[in-house]
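Student: this one's structure only:
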């Protein structure tokens, strides 16, 4: 199991780490941007992912809103907005495990090798129970905790297990054929992990940390297509800060890469690659036009002199100049924007990246932060 040193600041923000996510940006990014924001600031992330910008706003006691097309991302981000307790979460977990029977247990080779049969039985019961519950805040938190424990590195000692699965990355789910081949070559069997062990461990860490009370409810985060006006209808305040990182051009599998977590949320037991709600990747020009639609919707609710801060880069298979794409998207927007600063970022160190857990890593490419004002 990979280990790292945890700083005091990391310990204080355990809720933000409730579920690792492959396309996440570091908490330090939105925290720095909001460090001098006044108490009336309102934050929006139209590509909110796991809700890091929203959590940074919560930490400052600020109202925030989020939109994402991935149900998994939204389930994680909603948990950043709840006000519940350790006892409520654990009581709900035990209630489901005691009262729900496991039905429709997946039985393909992948599932048999990914999870011990007793662990999978418990996961199916939790899945069924949480699908039947309403969006209570304890259920939202438990759901996110389970998503965060669903797959990850094997533990050296079972009593210290943080994940339920056979060896996998913790930020995304490798595909069935690749996983089976990897486990066979490395002679890896799924350990028997009682699901309450990782759940209680993660919940205890989260609720032991210092959390600012959330000023906005989980309903401030919605699953939607941020190119559409309908995705912004739940926002009833003028926005002062849009802090976001769109999917990089060519990165179209961010929903499929979370297929195991999507299964837990009620999805299929197989990988689906289509997502009609994601922005167009047909060409850099169409991609920029899709982004322009999002900036149009943001501009409609942005305060005068409000700020739009974008983190954007490229991926190895689609090497484009991120500056050209963002500049073009701003030019195509019907709102008047002023791009006043572009900051290149240092690439992430290899040991800080997650893609190497099962041999799928690649070289990080150039990223930029774009600072834009509305005129």
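Tutor: Alright, I've got the coordinates. Quick caveat, the model's predicted, so the values are computed rather than measured.

Student: any idea of the mean pLDDT for stretch 71-78?
Tutor: In this model, stretch 71-78 carries a mean pLDDT of 96.

Student: so how far is that stretch from its chain's centroid?
Tutor: Relative to its chain's centre, stretch 71-78 lies at 6 Å (CA atoms, centre = their mean, to the nearest Å).

Student: Tell me which residues are up against that stretch.
Tutor: Residues from elsewhere that reach stretch 71-78 (CB atoms under 8 Å, 6 or more residues apart in numbering): 18-19, 21, 48-51, 54, 66, 68, 135, 140, 143-144, 147-148, 218, 221-223, 255, 258, 261-262, 265, 267. Where C-beta positions appear, they are placed from N, C-alpha and C, glycine not excepted.

Student: which of the residues you listed count as buried?
Tutor: Neighbour-count burial (16 or more other CB atoms under 10 Å) applied to the contacts of stretch 71-78 gives 18-19, 21, 48-51, 54, 66, 68, 140, 143-144, 147-148, 218, 221-223, 255, 258, 261-262, 265, 267.

Student: Could you tell me which of those belong to strands?
Tutor: 66, 68, 221, 222, 223 (DSSP state E).

Student: Residue 111: which of those is nearest?
Tutor: For these, the closest approach to residue 111 (CB to CB) belongs to residue 223, at 26.0 Å.

Student: got a list of what the closest one touches?
Tutor: Contact analysis of residue 223 by CB under 8 Å, 6+ apart lists 67, 68, 69, 70, 71, 74.

Student: Quickly list what the residue lying closest to the last one once chain neighbours are set aside is bridged to.
Tutor: The one in question is residue 74. Nearest residue to residue 74, sequence neighbours excluded (CB to CB, 6 or more residues apart in numbering): residue 223, at 4.4 Å. Here residue 223 sits in beta bridges with residue 68, going by DSSP bridges.

Student: ok, now residue 370?
Tutor: residue 310, residue 342.

Student: Show me the shaky parts of the stretch 251-375 of the chain.
Tutor: Judged by pLDDT under 70, the stretch 251-375 of the chain has its weakly predicted residues at 252-254, 274-277, 317, 348-365.

Student: Please enumerate the helices of it.
Tutor: Secondary structure of the stretch 251-375 of the chain (DSSP state H, counting those that start in this stretch): helices at 259-264, 284-301, 322-332.

Student: Tell me which of those is the most buried.
Tutor: Most buried of the helices of the stretch 251-375 of the chain, by mean neighbour count (mean count of other CB atoms under 10 Å): helix 259-264, with a mean of 22.

Student: tell me what that helix is packed against?
Tutor: Helices and strands touching helix 259-264, by 3 or more CB pairs under 8 Å, 6 or more residues apart in numbering; DSSP states H and E, are helix 71-79, helix 117-132, helix 137-149.

Student: in the first one, what's buried?
Tutor: When neighbours are counted by 16+ other CB under 10 Å, the buried residues of helix 71-79 are found to be 71, 72, 73, 74, 75, 76, 77, 78, 79.
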